[in-house]
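Undergrad: What follows is a predicted structure for the sequence shown.
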Amino acid sequence: MRNIKRVAVRILIVLVLCSGVKDVVPNVATAITAEAASIKLSKTKSTMYVGNTLQLKLKGATAKKVKWTSSNKSVAKVSSSGKVSALKKGTVTIKAKYKNVTYKCKVTVKSAKISQKKLTLRVGQGYDLEVINTVGKITWKSSNTKVAKVNSNGYLSPKAAGNTKITAKVGKETYTCTLKVVPAFSENDFVFDNPDDEGYTNFIDYSTNKGSSWYWFWDNPAGNYKCNRSINVGDTYNNFISAYGYCESVAVTSYDKYNKHFNNSAYPRTKVVLCYKDYFTQNEYYKTFYFDRNGTVVLIIWHR
C-alpha cells in the first residue's frame, strides 16, 4: 500500500513539473523572437558604382559579434565592420550573421564612366579627364608617354604628334580614352598652298606688309586646298576637330566682323577662333572657322 502511495506522489510531482515547463518554454522562445525582430540591417537593397563604398550596420546588434560576408568578392567585398567596396559591375549579396540569424542586403554594382572615350588634342594643349560617378582611387596610365603624359589626377599633357591610349583603373575595371595628338597651332598654319601673285608664301609676312586690317578668306565649297590642314568649306565639325584638336566654339552674332561673307542659305551659327602669337613681333594671328547649324564649315578667315 505504501508503495502505491509513493508511486502516486511521484507521478503527481512529474505532472506538476511538466505543466510548469509548458509555461516556461514558450516564454523563452518568445523572448528570442522579439530580440531578432528588433535587429535590422541599415539597408536591404542598394546600388553602387565601381570604386565607391557603402557602410552597412546591423542595428541593435553587438558590432563585434556580427560576421560579414560577400556572396561574390570579385564584384564587391565587405570588411569585418560592414564596409562594402564595389569592385566591378555585377550583383552581390552582403550577409550579416548574428546569433545564428542571417540578414541580407542585395547590392547592384554599376560601371563608372570616363568623361571622353575618344579625344584629339594639339601638342601643348592640356586637358582634364575624369571618371564619372566614382570617388574611389583611380590609377591613370598612358600607353605612350612620348606622345602624351597623364598625371595622378587625370590631367593630360600632349608632347608630340601621334596616338596613345589613356587608361583609368578603378577597382577591377579599366576605362580607356583613345587620344590623338596633332601638331600645335603655329606659324606653319599660315603657309599658303602656293605663293600669291606677289610671291608671298606665308600669310604672317603678307598681312604685315598689307596692314593689320588685311585678311584672307575661303567660302567656296568646290575649293581643293591644303593650307587649313586639308579642312575645306563643306567639311564637318568632326573633320575639323580631327585636324585641329579639341576647341571651344562660340555663338556667331549678326554684327560679326566678317558678316558680309555670310551666305543666307548657310548662315553660320557658331565659330572657333585659333590664335598664334609671334613672340618676336608680339603680333597675334588668327584663323576663324564658321559652322552652320548642321556643324558644316561654311567660311574660313585668316586675320589679325
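TA: Received it, and whenever you're ready, just let me know what you need.

Undergrad: make it CA atoms for all contacts and neighbour counts henceforth
TA: Noted.

Undergrad: OK, contacts around residue 47?
TA: Taking C-alpha atoms under 8 Å, 6 or more residues apart in numbering, we find residue 47 in contact with 107, 108, 109, 110.

Undergrad: and what of residue 170?
TA: So residue 170 contacts 50, 51, 87, 136, 137, 138, 139 (C-alpha under 8 Å, 6+ apart).

Undergrad: that older thread, tabulate the contacts of residue 47 (JSON lines), appending secondary structure.
TA: Below are the contacts of residue 47 laid out as JSON lines (DSSP: H, G, I helix; E, B strand; the rest coil):
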{"residue": "107", "secondary structure": "strand"}
{"residue": "108", "secondary structure": "strand"}
{"residue": "109", "secondary structure": "strand"}
{"residue": "110", "secondary structure": "strand"}
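
Undergrad: Now render those residues as TSV, adding distance to residue 288 and neighbour count.
TA: Putting these into TSV (distance: C-alpha to C-alpha, whole Å; neighbours: other C-alpha atoms under 10 Å) gives the following:
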residue	distance to residue 288	neighbour count
107	52	23
108	49	19
109	46	23
110	42	19
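
Undergrad: Closest to residue 44 out of the residues you listed?
TA: residue 107 (8.4 Å; C-alpha to C-alpha).

Undergrad: hang on, the closest one packs against residue 88?
TA: No - applying C-alpha atoms under 8 Å, one finds residue 107 not in contact with residue 88, separated by 11.6 Å.

Undergrad: Low-confidence ranges, this structure, go.
TA: Filtered on pLDDT under 70, the chain yields the residue ranges 1-37.

Undergrad: Would you map the helices across it?
TA: Under the criterion DSSP state H, the chain contains helices at 2-38, 203-210, 237-244.

Undergrad: Return the set of buried residues in the second one.
TA: Of the residues in helix 203-210, those with enough neighbours to count as buried (16 or more other C-alpha atoms under 10 Å) are 203, 204, 206, 207.

Undergrad: contacting residues around that helix?
TA: Among residues not part of helix 203-210, those counted as contacts by C-alpha under 8 Å, 6+ apart are 187, 190, 191, 192, 200, 214, 215, 285, 302, 304.

Undergrad: if I look at the last one, how far off is residue 206?
TA: Same thing as residue 304. Distance, residue 304 to residue 206, using C-alpha to C-alpha, to the nearest Å: 11 Å.
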